[in-house]
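S.K.: Sequence plus predicted model, see below.
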Amino acid sequence: MNTPRILCAISLATTLLLGLTGCSGAEEPVVVQPTTTATESTTTAVEVITPQPVPLDQLVITLEPVIDGFTQPLFVTGAGDGSGRLFVLEKTGRAWIVRDGVRSAKPFLDLSNAVSTDSERGLLGMAFPPTFPTDGLFYVDYTDRDGTTTISRFTASGDTVDRASEQKLLTVVQPFANHNGGMIAFGPEGYLYIGMGDGGSSGDPKGNGQNFGTLLGAILRIDVSGTDGYAVPPDNTFASHKGARPEVWAYGLRNPWRFSFDREIGDLWIGDVGQSTWEEIDFQPASSIGGENYGWNLYEATHSYPPGTAAASGEFTPPVIEYGRAAGQSVTGGYVYRGSAYEAMWNTYLYGDFGSGALWGLRRADDGTIENRLLLETGFSLVSFGEDDSGELYVVDFGGGAIYRVVAE
């Protein structure tokens, strides 16, 4: 696995950092440590003019209303087909198309009679592969009537979906109703990544986070390019590991509700929702070969779990950001801005918190050092960010039923 850190070795240093900065209450997110592995762009040697963002402490953003009137919206995304359409998912099972600020008369996809919606269940994720413009295939993550996580493939034609085209590729039984994960996204190499929570309840009672023999508490990586089912990529870290599920790409996660790939570089950013004290942002460079163990349920962020227990030994990859309850209650991972409309925001990773509505900006330098700053107090139930075809970013307000575009001044 790629440059793992020993968490027990940094716990004292982190505690001291929190104390010295007066953040023992975690009023602001704390940079845990630099990610010292530099990431090189995959672009060719052709000279490229790189946008020049303003310093992070000078970045000012606002949220521009796009559309409201949704029922418990959870996600927004483009299809990558150049159509300019936005696809908005509702927890209750419907996906809608928004074109030029206007919602479609009928749902793009209606699974309301197939999903369970109690607790954290519902229609949770949608992803479009690079082939979507030609074959119309796309993928969703939902919990069925029994609460089982279901990864399915559908076929779209224009603005409609053939419901009978559903192919169920992967199902994962969930022991409890919460911590279902739900994010799915295609990586730079074309494989489908799936975020799976630890199975729920509290404290991971079944120990799924540290068990790579289960699909729970992990990010999975599968090949869906075939016409039937899925295949395991041969370079998955656990593909030939006895006792492991070969689909597992990284583990030690509690509930990776939202994650994303930097469309310019390929780095993976993960927002992992904490138990009762700490929220975290995890990072995986594009050069990673997988296998990272992010620590749960032996650690909650960089802190031993359960609280007060001795620090566990072993190789763990700590978060790059952590924050406590004074800053928020449920982290929402976002995206690195790679659009063209706002040069000032270039290379800024936006993330937020569902409970507090805070929206932060983070920048990772070429040497791996990280700068972080609060950008906006939204007042929203900030449940998700989204990215359109052009790399412009959006915010989803779960409680207000609205979608907003992120604008840099």
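M.R.: Here it is on my side, so go on.
S.K.: Model confidence at the residue most central in space within the chain, what's the number?
M.R.: In the chain, the centroid-proximal residue (Cα atoms, centre = their mean) is residue 259; its distance is 1.4 Å. In the prediction, the pLDDT value recorded for residue 259 is 98.
S.K.: I'd guessed it sits against residue 194; true?
M.R.: No: between residue 259 and residue 194 no contact is recorded; they are 9.9 Å apart, counting by Cβ atoms under 8 Å. To be clear about C-beta, it is placed using only N, CA and C from the backbone, and glycine gets the same treatment.
S.K.: Check the spacing between residue 83 and residue 28 real quick.
M.R.: 39 Å (Cβ to Cβ, to the nearest Å).
S.K.: Please identify which of these two sits among more neighbours.
M.R.: Taking neighbours as other Cβ atoms under 10 Å, residue 83 and residue 28 compare with residue 28 leading, 17 against 14.
S.K.: I'd guessed that one sits against residue 322; true?
M.R.: No: with contact defined as Cβ under 8 Å, residue 28 does not count as touching residue 322 (10.8 Å).
S.K.: I'd assumed residue 239 was in a helix, is it?
M.R.: No: counting by DSSP: H, G, I helix; E, B strand; the rest coil, residue 239 is not found in a helix; it is coil.
S.K.: can you count the residues close to residue 227?
M.R.: Residue 227: 8 neighbours (other Cβ under 10 Å).
S.K.: Now do the shared contacts for residue 259 and residue 194.
M.R.: Between them, residue 259 and residue 194 share these contacting residues under Cβ atoms under 8 Å, 6 or more residues apart in numbering: 183, 219.
S.K.: what sits against residue 319?
M.R.: Contacts for residue 319 (Cβ under 8 Å, 6+ apart) come out as 32, 272, 280, 281, 282, 283, 294, 301, 302.
S.K.: In terms of model confidence, name the weakest of those residues.
M.R.: residue 32 (91).
S.K.: For that residue, give its distance to residue 370.
M.R.: Distance of residue 32 to residue 370, given as Cβ to Cβ: 9 Å.
S.K.: what's the nearest residue to the residue nearest to the centre of the chain if we skip its chain neighbours?
M.R.: residue 270 (4.3 Å; Cβ to Cβ, 6 or more residues apart in numbering).
S.K.: Quick check, that neighbour in contact with residue 292.
M.R.: No: assessed by Cβ under 8 Å, residue 270 is found out of contact with residue 292, at 9.6 Å.
S.K.: tell me, what's touching these two both at once?
M.R.: In contact with both residue 270 and residue 292: 282, 284, using Cβ under 8 Å, 6+ apart.
S.K.: and of the contacts of residue 319, the nearest to residue 405?
M.R.: Nearest to residue 405 among the contacts of residue 319, counting by Cβ to Cβ, is residue 281 at 22.7 Å.
S.K.: does that closest one count as helix, strand or coil?
M.R.: Secondary structure, three-state DSSP: residue 281 is strand.
S.K.: how about it, what does it touch?
M.R.: Applying Cβ under 8 Å, 6+ apart, one finds that residue 281 lies in contact with 29, 269-272, 319-322, 331, 333, 351, 362.
S.K.: quick one: which of those has the most company?
M.R.: Neighbour counts for these (other Cβ under 10 Å) peak at residue 331, which has 34 neighbours.
S.K.: related to what we said a few turns ago, residue 32 and residue 370 - which one has more neighbours?
M.R.: Per other Cβ under 10 Å, whichever of residue 32 and residue 370 has more neighbours is residue 32, with 23 against 18.
S.K.: what's the distance between that one and residue 320?
M.R.: 6 Å.
S.K.: do residue 297 as well
M.R.: 20 Å.
S.K.: shaky segments in the stretch 1-150 of the chain?
M.R.: Low-confidence segments of the stretch 1-150 of the chain, defined by pLDDT under 70: 1-26, 33-47.
S.K.: Let's see that with 50 instead.
M.R.: Low-confidence segments of the stretch 1-150 of the chain (pLDDT under 50): 1-26, 42-44.
S.K.: next one: stretch 120-133 to chain centre, how far?
M.R.: Here the centre of stretch 120-133 is set off from its chain's centre by 13 Å, with Cα atoms, centre = their mean, to the nearest Å.
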